[in-house]
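[1] no sequence on hand, only this structure:
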């Protein structure tokens, strides 16, 4: 099982950009579909987007489509979330999550389907 560590969060003005990274331990990173979630104070955790083990399938929530980009580098055991045109409503703790997949491009959008979670990184967008 992998362990996940997010980094790259911080404070940014509206319209700015941040890139989050999620580094995974273990040698089987390419066996995992990866998801990004976020949770704002007083709200439920929500799906931001996800990427298949190969990188060939990528999905985004409507709220971030066109602004956020997910990518992964299996050689570096890392998945990225590039966030552009940030809005105050993007303020949240961002989590990456992993789910084992076997020869499938499946990417879950439900948090219940993910096996492993990082500790989260805070993103704050000021207006």
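    On my side now, so go ahead. Quick caveat, the model's predicted, so the values are computed rather than measured.
[2] in terms of helices and strands, where is the residue lying closest to residue 7 once chain neighbours are set aside?
    The shortest distance from residue 7 to any non-neighbouring residue, by Cβ to Cβ, 6 or more residues apart in numbering, is to residue 21 (5.1 Å). In this view, the C-beta of every residue, glycine as well, is placed from N, C-alpha and C. Element membership of residue 21, judged by DSSP states H and E, is strand 18-24.
[3] next SSE downstream of that strand?
    Using DSSP H and E, the first helix or strand after strand 18-24 is strand 32-39.
[4] what pairs with that next one, parallel or antiparallel?
    strand 46-51 (antiparallel), strand 92-100 (antiparallel) (DSSP bridges).
[5] I'd say residue 97 and residue 120 touch.
    No: proximity of residue 97 to residue 120 does not meet the contact threshold set by Cβ atoms under 8 Å, at 10.4 Å.
[6] quick one: average pLDDT of the strand holding residue 21?
    Per-residue pLDDT over strand 18-24 has a mean of 97.
[7] pull the residues that contact that strand.
    For strand 18-24, contacts defined as Cβ atoms under 8 Å, 6 or more residues apart in numbering pick out 2-10, 12, 32, 34, 36, 76-83, 86, 94, 96, 98, 118, 121, 123.
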